[in-house]
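> structure of the sequence below:
(chains A and B)
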Number of protein chains: 2
Amino acid sequence: MTAMRGVLSPVLTPFRADLSVDAALLAAQCRWLQHHDVGAAIFGTNSEGNSLSAGERIDTLEELVAAGIDPARLMPGTGACAIDDAVAMTRACLRAGAAGVLVLPPFYYKNVGDEGLFAYFSEVVQRVGDRRLRMYLYHIPPVSQVPLGLALIERLRARYGETIAGVKDSGGQWVHTAALIERFAAHDFSVFAGSENFLLRTLRAGGAGCISATANVNPGAIAALCRDWQAPDADARQQRLDQVRAIFSRFPMIAAMKSAVAQATGIADWARVRPPLEALDPAQESALRAAMAEAGFSMSIHYPQGES
Amino acid sequence: MTAMRGVLSPVLTPFRADLSVDAALLAAQCRWLQHHDVGAAIFGTNSEGNSLSAGERIDTLEELVAAGIDPARLMPGTGACAIDDAVAMTRACLRAGAAGVLVLPPFYYKNVGDEGLFAYFSEVVQRVGDRRLRMYLYHIPPVSQVPLGLALIERLRARYGETIAGVKDSGGQWVHTAALIERFAAHDFSVFAGSENFLLRTLRAGGAGCISATANVNPGAIAALCRDWQAPDADARQQRLDQVRAIFSRFPMIAAMKSAVAQATGIADWARVRPPLEALDPAQESALRAAMAEAGFSMSIHYPQGES
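The predicted structure is shown next:
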């Protein structure tokens, strides 16, 4: 089995008025993303994945697969502070046929050692006990505050082989992504940039692609550059991706992307977030529309009839 | 109903070899603590509470109450990143008759605003929907990285009255604890210091007591000072508490306290921690024994026959 590659989106999660997950609407969005050749890293940071209980994530995953979402492009987030939760969610992913899982370190305790992190990931791998498991490690120290260093990855890879299939680097430091690629990428180990800002550099260095927030709002262009990264206009296209990201990064990003998707679909529910996040206020919404117009960036999403 | 006061321990959680919770042993420990007039803030930070799933916490709580632990001195930790988990655990606490719950803010997302935190706690209070609820807010920015400021507490208190019954301040800054007491303590709102280092100052200023790690290993002396805080030798006794704390704070504290309890009870299982934490290594264990001996601090725990 080959490790996953390409572009994935930490798919935004739509909530109804009572804050429950609207799995049908999420399925429609995943299908729209997959139509653009973008995989679905559901339950990621931008998905508000950790604001969903393990049970909610399992139920939602099952509804997505029942709705026909291709599990070959699914990489659900199954990280949790409690081993039991991570194991339950990872098992559900294997049952559903998901190609991989994206696993945060346990993120409550800070300044934990590699020995403890190794033991945590070992428990998850061993309790799941399934050779089909493909685990992608999720390095996002700005949010989790628990980094996953190269020595830890090497040790996990040495112990569990192809089960440890890759890493998503959301640390925002190119030098770290480059070091990961240099050390691991030659061995069917997928290094994903955590932002499309680094997509071209990642691919040129031998990385696998990116799992990036703005793949929620700009999937076609990001996926196209990932395919055409050797094209003569690749640098100009990267620049354009960066311009689009810059629009959204001026706002609380998850709320801003949801606001844009709400507008693009005409479905107001999309703008809703779960606490502790906050939706954009009207002034921010206006500023976002203005910034999109100024940058010449517009979105339109049409779900096939009967969906959403 | 009056807000809780006194000394509580974030009770260490004993794990079997397969890392499952040994609820019978935990019950024995809670009973030993209650014998010393120390309440049981189970599932706190020192309990590795966030390393337990919501289901594990609910099951364990029910076993404790079935084993006869007095719910009038129980303040379980029910905080979680997902509202559903916090609600399920809080409801279980009310079913079990627990006098209060200690609630962390959702701790995955950082730099969230008061509006989002207010919405989070509001959802929990409203979904639980039980006038018996007494919620203690858990301010522990060194670990959670999500502080709970005075303005937020004031707003929650104004909206939900005596339901918002107090706060545990584990920020480690006396000036903050003092500000909490000054602003809130006159109105049947319990301000607990997060360390017994601040016990005497907290009580003299009008606070409610402390919820402190080392109440796991030194419960009698801490609870006695809480009762006798106006005694002439109170300052000397506070100094002695500080000396005992200093022994443990030279080591990873949870592992060190578990090691000490393992020795004091003769039950080796007590030394076990859940990943990502690590047990003391043999050199650290020796150093801990030496430090305890040097400070003249010894522990002995005898559970009544048939317990543990």
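> how about the residues of the stretch 1-150 of chain A near chain B?
A:19, A:45, A:50-56, A:80-85, A:88, A:105-110, A:112-113, A:115-117, A:119-120, A:122-123, A:142-146 (C-beta under 8 Å from any C-beta of the partner chain). Every residue, glycine included, has its C-beta placed from N, CA and C.
> in helices only, show me those residues.
In this view, those that belong to helices under DSSP state H are A:54-56, A:83-85, A:88, A:115-117, A:119-120, A:122-123, A:142-144.
> hang on, the earlier thing: are any of the residues of the stretch 1-150 of chain A next to chain B buried, and if so which?
Among these, those scoring as buried are A:19, A:45, A:50-56, A:80-85, A:88, A:105-109, A:112, A:115-117, A:119-120, A:123, A:143-146 (criterion: 16 or more other C-beta atoms under 10 Å in any protein chain shown).
> quick one: low-confidence parts of the stretch 1-150 of chain A?
Across the stretch 1-150 of chain A, the ranges flagged by pLDDT under 70 are A:1.
> can you give me the strands for it?
Per DSSP state E, counting those that start in this stretch, the stretch 1-150 of chain A has strands spanning A:6-9, A:38-40, A:101-103, A:135-139. These are given in chain order.
> could you pull out the strands for the stretch 151-300 of chain A?
A:164-169, A:190-193, A:209-211.
> pick the most buried one from those.
Stretch with highest mean neighbour count among those: strand A:209-211 (a mean of 30; mean count of other C-beta atoms under 10 Å in any protein chain shown).
> what does the stretch 201-308 of chain A put close to chain B?
Going by C-beta under 8 Å from any C-beta, the residues of the stretch 201-308 of chain A near chain B are A:274-278.
> please redo it, this time with the cut-off set to 6 Å
By C-beta under 6 Å from any C-beta of the partner chain, the residues of the stretch 201-308 of chain A that approach chain B are A:275-278.
> for residue A:34, see how far away residue A:248 is.
The gap separating residue A:248 from residue A:34 is 22 Å, by C-beta to C-beta, to the nearest Å.
> between those two, which is the more surrounded one?
Legend: neighbour count by other C-beta atoms under 10 Å in any protein chain shown for residue A:248 and residue A:34, higher for residue A:248 (24 against 18).
> go ahead and confirm that one touches residue A:258.
No - between residue A:248 and residue A:258 there is no contact, the gap being 10.5 Å when judged by C-beta atoms under 6 Å.
> tell me where chain A has helices.
Under DSSP H, chain A gives helices at A:23-35, A:54-66, A:83-96, A:114-128, A:141-144, A:150-160, A:174-184, A:199-205, A:219-227, A:234-249, A:253-265, A:282-294.
> ok, residue A:74 - contacts?
Counting by C-beta atoms under 6 Å, 6 or more residues apart in numbering or on different chains, residue A:74 makes contact with A:40, A:98.
> nope, residue A:229 is what I was after
Neighbour list for residue A:229: A:200, A:203 [criterion: C-beta under 6 Å, 6+ apart].
> try 8 Å
Contacts for residue A:229 were tallied using C-beta atoms under 8 Å, 6 or more residues apart in numbering or on different chains; they are A:199-200, A:203-204.
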